[in-house]
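In: Just a sequence and a predicted model for now, questions to come.
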Amino acid sequence: MIDRQNDLLKLQMTRRAWLAQTAAAVVSSSALSQALAQSVNSVAVGFLNHYPPFSFHDRDGKLKGFDLDVMQRLCAILGLHLIQVPEGMATLSHKLRAGEIAWIGNQLLTTAENRREFDFVRPSYASIQLTSVQHEDDSRDFLSLDDLAGKRLGVLAQTGVEDQARGALGKSVVAYPRIEDALKDLAAKKLDAVLEENLIAEYYIERDELPLKVAAPFASPIPVGLPVRKGHRETQDKLADAVKTMLKDGSFKSISEKWFGYDVSRPRMGHAMSS
Amino acid sequence: MTLLYPSHSLACCLGHWLRCGVVLLVVSVLAACQTMVPPAVDQVRFTPLASSKRVIDQPKIKYLVRPDGYEYCARITGIPVTPTSRAMACAFWNVRRKECTIVTPMETGYNYLGHELRHCFDGAFHD
């Protein structure tokens, strides 16, 4: 009997030890956020930690941004509590593959390379397009690189835009490590134009109260979408439904107007086709 | 024999040119149709939005007639120019500044200009 009690005690201790070890493993593992996220009604979502205006840290170190507000709304629609996981792109990719985050809360380009790594949520919620930015006093029309021949053009350094602009315009292209510096030089009339994505330009114009305007589109809208883990069709479908709800119920429009002053889900250009 | 050969060659040549002529005629007619037939969206009547529902109520409009009009509209819409279809005109707008720009090639039609004008008020109404 004593032996049996000892055996039971050993068994209980073993179970207790096993539970303790398991708990310790869970707590100490890098998947803590995942474990927390998997608790009822919570979800861990990754964000790029320096991607203004979509997600970035303010002066107090608090994460904020347009995409963050959008994800808060999507989570509210889905009945989930959002746990923010701000990281660099490489870490976010790793965490998504490892299941430590459920999706990335920034829309990424749906390039062939990205499609090999992620599945994407459709529809996208923002129409993003490369545009020319000009001084608000400037009435010239720059619709192509040919129009900019002999003009000083500011671009973000080490991008495809810089390569193309340099190929067409040569030395009159000025490349900047930070696009906000190019926009400040444009405001000071040291440049004739800047090429940048419309939403990023709109954000800096508004934030820094620059006397600039987003002018002519230079390329077709960039295909983007929220990246989810490859093969997670359920997450993809739920998010797609939530995005549609958000676009339909007016809540996206409010978020969009807060950040950009208008509804950015709609294209800012149209056309007439021959038939 | 020497006479037959050139005659045969001449008949061949005439036949070839006739075929070329027919092909050219068909292509010309198709091209004309493409230019003249307005897109389906332009063949229907529509009820203009109330001013309070417009994307831009009273836009400041600029009209650019460009030699590269087709190419520009193809580039910003992502719709390629093909033998049977192309963007005949386009418009872009800035809601915050209440500005709209219409772009057409050197020759255009009332329907295309009217279509783009509607974009200036109603935004992306058919996308």
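Out: Looks like it came in fine. For clarity, every value in this text was computed on a predicted model and none was experimentally measured.
In: all contacts plus neighbour counts: C-alpha atoms, from now on.
Out: Will do.
In: and chain A, which residues reach chain B?
Out: If contacts are counted using C-alpha under 8 Å from any C-alpha of the partner chain, the residues of chain A sitting beside chain B are A:143-144, A:213-221, A:261-262, A:266-275.
In: hmm, 6 Å instead?
Out: Applying C-alpha under 6 Å from any C-alpha of the partner chain, one finds that chain A approaches chain B through A:219-220, A:268-275.
In: So which of those residues belong to strands?
Out: Counting by DSSP state E, the residues of chain A next to chain B place A:269-273 in strands.
In: will you turn the residues you listed into CSV that also has distance to residue A:94?
Out: Shown next, in CSV, are those (distance: C-alpha to C-alpha, whole Å):
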residue, distance to residue A:94
A:269, 37
A:270, 39
A:271, 41
A:272, 44
A:273, 44
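In: Between these, which sits nearest residue B:98?
Out: When those are ranked by distance to residue B:98 (C-alpha to C-alpha), residue A:269 comes first, at 13.4 Å.
In: Residue B:104 versus that closest one, what's the distance?
Out: Computed with C-alpha to C-alpha, to the nearest Å, the distance linking residue A:269 and residue B:104 is 13 Å.
In: Surely residue A:45 is in contact with residue A:103?
Out: Yes - at 5.4 Å, residue A:45 counts as touching residue A:103 under the criterion of C-alpha atoms under 6 Å.
In: Quick check: longest strand in chain B by residues?
Out: Taking DSSP E as the assignment, the strand of chain B that covers the most residues is strand B:87-94.
In: which helices and strands does it pack with?
Out: Contacts of strand B:87-94 with other secondary structure elements, assessed using 3 or more C-alpha pairs under 6 Å, 6 or more residues apart in numbering or on different chains; DSSP states H and E, are made with strand A:269-273, strand B:99-104.
In: what are the phi and psi angles of residue A:171?
Out: phi -70, psi -10 (degrees, to the nearest 10).
In: what's it in contact with, if anything?
Out: Residue A:171 is in contact with no residue at all, counting by C-alpha atoms under 6 Å, 6 or more residues apart in numbering or on different chains.
In: cool, residue B:87 as well?
Out: Under the contact definition (C-alpha under 6 Å, 6+ apart), the residues listed for residue B:87 are A:272-273, B:73.
In: Check the secondary structure at residue A:72 for me.
Out: Classification of residue A:72 using DSSP: H, G, I helix; E, B strand; the rest coil returns helix.
In: List the buried residues for the longest strand of chain B?
Out: The neighbour-count criterion (16 or more other C-alpha atoms under 10 Å in any protein chain shown) identifies B:87-94 as the buried residues of strand B:87-94.
In: Over to stretch A:193-212?
Out: Under the neighbour-count criterion of 16+ other C-alpha under 10 Å, stretch A:193-212 has A:193-205, A:210-212 buried.
In: coming back round to it: may I see the buried residues of strand B:87-94 arranged in TSV, with pLDDT as well?
Out: Formatted as TSV, the entries for the buried residues of strand B:87-94 read as follows, by pLDDT from 0 to 100:
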residue	pLDDT
B:87	91
B:88	93
B:89	95
B:90	96
B:91	96
B:92	97
B:93	96
B:94	95
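In: Which residues of chain B lie near chain A?
Out: Within chain B, the positions near chain A by C-alpha under 6 Å from any C-alpha are B:39, B:75-78, B:85-93, B:124.
In: how about the residues you listed, which pair is most distant?
Out: B:85 and B:93 (23.9 Å).
In: Quick one, which of the contacts of residue B:87 are buried?
Out: Burial of the contacts of residue B:87 was assessed by neighbour count (16+ other C-alpha under 10 Å); the buried members are A:272-273, B:73.
In: okay if I get the residues you listed as CSV plus pLDDT and distance to residue A:257?
Out: Supplementary listing: these in CSV, determined by pLDDT from 0 to 100; distance: C-alpha to C-alpha, whole Å:
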residue, pLDDT, distance to residue A:257
A:272, 85, 28
A:273, 82, 31
B:73, 96, 28
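In: Adding distance to residue A:74, write the residues you listed out as a markdown table.
Out: Converted to a markdown table, these look like this (distance: C-alpha to C-alpha, whole Å):
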| residue | distance to residue A:74 |
| --- | --- |
| A:272 | 34 |
| A:273 | 35 |
| B:73 | 35 |
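In: Please, where are all the helices along chain B?
Out: With DSSP state H, the ranges of helices along chain B come out as B:4-36, B:69-77, B:110-122.
In: Show me chain B divided up by domain.
Out: Here the domain assignment for chain B is B:1-37, B:40-122, based on automatic domain parsing.
In: Worst mean pLDDT among those domains?
Out: Sorting those by mean pLDDT places domain B:1-37 lowest, at a mean of 50.
In: rewinding a little: tell me which of the residues of chain A next to chain B has the lowest pLDDT.
Out: pLDDT across the residues of chain A next to chain B is lowest for residue A:275, at 56.
In: Give me the three-state assignment for residue A:47.
Out: Each residue gets one of three states, and residue A:47 gets strand by three-state DSSP.
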